[in-house]
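Visitor: What follows is a predicted protein model with its sequence.
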Amino acid sequence: MSESPLSRYAGPIAVIAGGLFAVAHVGMFIVADRSDLVAMMTDPVFLVFNAAYAITFPLLLIALVALYWRQAAEAGLFGAVAFCTAVTGTVALAGDMWFEGFAVPWLAQVAPAVFGADRSGSLLMAAWLVSVVLFSLGWILFGLASLRARVFPRALSVAVAVAGLIGFQAAMPPWGVALGLAVAAVGVWLIRQDRMARQVQTRPVPSRSV
């Protein structure tokens, strides 16, 4: 497969996306106060981290594409299915988090009674459940596909799969931190590998005496 800019810079992309994903969720966890949801959703500090978390999802999606590009040939059909599932789940949960980050704070100001409404059995809850299941399943499969492809270290591939399992709760801080750190760790490994490869390519070849 031909190299693309996303593939070439997959390491830095994964570090930035995964790092910001984790930091935003840690920030939400520190300032969250679920004893009063309305007050929490109008807290300016929480709003910053909440919006930042929503914004990191497109970055996570870009990192997913970049990482897949680095192992697509080795991952085969299973890898393609895993990638498509992870993309679908990430996009679905990104929509949920955009709503949480930008629409819910507005609802807290204009219709605070909504927070006390019973949402069990609603279409909204069903859609949310599908989103978190696809997100978690997609990243579990992507980690397993990486394990089969053997492009990334075994431990990091397992970490991504386990983080995907934990990611079933990624809508609630701090459960998204594990996935962010796992993706960032893969990025760090790629940066080191790429640096070593460049050093080998630029190393002068000793001339042979005649």
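Guide: Yep, it's here. In this text, all values refer to a predicted model and were calculated from it rather than measured experimentally. Residues are numbered from 1 along each chain as shown.
Visitor: Sticking with the nearest residue to L144 once chain neighbours are set aside, tell me its helix or strand.
Guide: Nearest residue to L144, sequence neighbours excluded (C-beta to C-beta, 6 or more residues apart in numbering): A161, at 5.4 Å. Any C-beta I mention is one placed from the backbone N, CA and C, and that applies to glycine too. Per DSSP states H and E: A161 is located in helix 154-166.
Visitor: And P173, by the same measure?
Guide: Per DSSP H and E, there is no helix or strand for P173.
Visitor: ok, now R195?
Guide: helix 177-202.
Visitor: just checking, what packs against that helix?
Guide: helix 10-31, helix 44-98, helix 154-166 (3 or more C-beta pairs under 8 Å, 6 or more residues apart in numbering; DSSP states H and E).
Visitor: Let me know which of those helices is the nearest to L134.
Guide: helix 44-98 (3.4 Å; C-beta to C-beta).
Visitor: what does the very next helix or strand once past that closest one rub up against?
Guide: Per DSSP H and E, the first helix or strand lying C-terminal to helix 44-98 is helix 104-110. Here helix 104-110 makes contact (C-beta atoms under 8 Å, 6 or more residues apart in numbering) with L37, V38, M41, T42, L47, N50, V114, F115.
Visitor: buried residues in helix 104-110?
Guide: V104, P105, A108 (16 or more other C-beta atoms under 10 Å).
Visitor: One more: stretch 167-176?
Guide: Quick answer for stretch 167-176 (16+ other C-beta under 10 Å): G167, F168, A170, A171, P173, P174, W175, G176.
Visitor: What of stretch 37-57?
Guide: 37-38, 40-41, 43, 46-47, 49-57.
Visitor: Can you tell me the SS state at S35?
Guide: Assigned with DSSP: H, G, I helix; E, B strand; the rest coil, S35 falls in the coil class.
Visitor: Geometric centre of the protein: which residue is closest?
Guide: The residue lying closest to the centre of the chain (C-alpha atoms, centre = their mean) is L60, at 4.2 Å.
Visitor: isn't that one right next to A17, touching?
Guide: Yes. Proximity of L60 to A17 meets the contact threshold set by C-beta atoms under 8 Å, at 5.0 Å.
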